[in-house]
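Student: Can you look at this prediction? I've put the sequence above it.
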Amino acid sequence: MAKSTRKMSALCAVARPFDAFTSFLKERFSTSDSIAIACFFLCIITAPALAAPTPVEIEDHLKTGFVLEGAHRFVECESCHLNGVFAGTPRQCDTCHNGVIGEGKPPTHIASTNACEDCHDNSSWTNVRFDHSGVSGTCASCHNGSQAVGKSANHISSSNACEDCHVTSSWTNVRFDHSGVTGSCSSCHNGTTATGKSATHIPTTNVCEDCHVTSS
């Protein structure tokens, strides 16, 4: 009992702000329980907060061959070096960003065989340069208005798949394929949706397709 009392006294001397708290504990708990409770709260309050690497640590990190750039400069060391273990820390994006160590590919991610770095850089997840080469599925499986921009409300009526007319560089770079277009020529070639009959056109009651073809 005397030994436990000396431990309590030493604890109070080290943590003076806890004098009133430890007195409260001694009045209501056994000495050993009081020590345990006081130590628990002392550890919580004095435990070092997770901290991002300092400029010196960032410079030292160069020696490992893994440069801390972008958002990695502000990540707590303990987020990658679990339990203080430095050796064997993964270097590839997907070995850390696997949903366990770091944030991984979400269930709603576009279906793709691309590696993270094919599209993402290390500044943020939203800063993306999109690479279609590894995408699986049809255009419309992503370009559905939810995951990615889809067919607009004023799109020409057509049963064509996106890729029949569009390329991956931009929406406006179009090679038009009339084969899947529904409706008559004038339903699109009305001067609003697409080029219509000009003011200088020969007066006629013919429909477009009576004279014109889709090649030019």
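Tutor: Nice, I can see it.

Student: which intervals of this structure have sub-threshold pLDDT?
Tutor: Scanning the chain for pLDDT under 70 picks out the ranges 1-53, 55-58, 216.

Student: Tell me which residues touch the most centrally placed residue in the chain, please.
Tutor: For the chain, the residue sitting closest to the mean C-alpha position, by Cα atoms, centre = their mean, is residue 125 at 3.8 Å. Contact partners of residue 125, counting by Cβ atoms under 8 Å, 6 or more residues apart in numbering, are residue 103. Glycine gets a C-beta too; all of them are placed from N, C-alpha and C.

Student: and it, how far is that from residue 102?
Tutor: Distance from residue 125 to residue 102, counting by Cβ to Cβ, to the nearest Å: 11 Å.

Student: Also residue 142?
Tutor: Following Cβ to Cβ, the distance that separates residue 142 from residue 102 is 24 Å.

Student: can you check residue 86 too?
Tutor: Note on residue 86: its distance to residue 102, by Cβ to Cβ, is 16 Å.

Student: Pick out whichever of these two has more residues nearby.
Tutor: Applying other Cβ atoms under 10 Å to residue 86 and residue 102 shows that residue 102 carries more neighbours, namely 15 against 10.

Student: Could you give the number of residues near the closest residue to the more buried one other than its chain neighbours?
Tutor: Closest residue in space to residue 102, ignoring its immediate chain neighbours: residue 96 at 4.5 Å, by Cβ to Cβ, 6 or more residues apart in numbering. Neighbour count for residue 96, taken as other Cβ under 10 Å: 19.

Student: Spit out the contact partners of residue 96.
Tutor: Residue 96 neighbours (Cβ under 8 Å, 6+ apart): 80, 90, 102.

Student: Which single one of these is nearest to residue 132?
Tutor: Ranked by distance to residue 132 (Cβ to Cβ), the contacts of residue 96 are led by residue 102 at 25.5 Å.

Student: Could you check which helix or strand contains the closest one?
Tutor: Element membership for residue 102, per DSSP states H and E: none, as it lies in no helix or strand.

Student: So what does the nearest residue to residue 209 once chain neighbours are set aside look like in phi/psi?
Tutor: Nearest non-adjacent residue to residue 209, counting by Cβ to Cβ, 6+ apart: residue 185, 5.3 Å away. In terms of degrees, to the nearest 10, the main-chain angles of residue 185 are phi -60, psi -50.

Student: Residue 185 touches residue 211, doesn't it?
Tutor: No: if you go by Cβ atoms under 8 Å, residue 185 and residue 211 don't touch, sitting 10.3 Å apart.

Student: which one of these two has more residues nearby?
Tutor: residue 185 (18 against 9).
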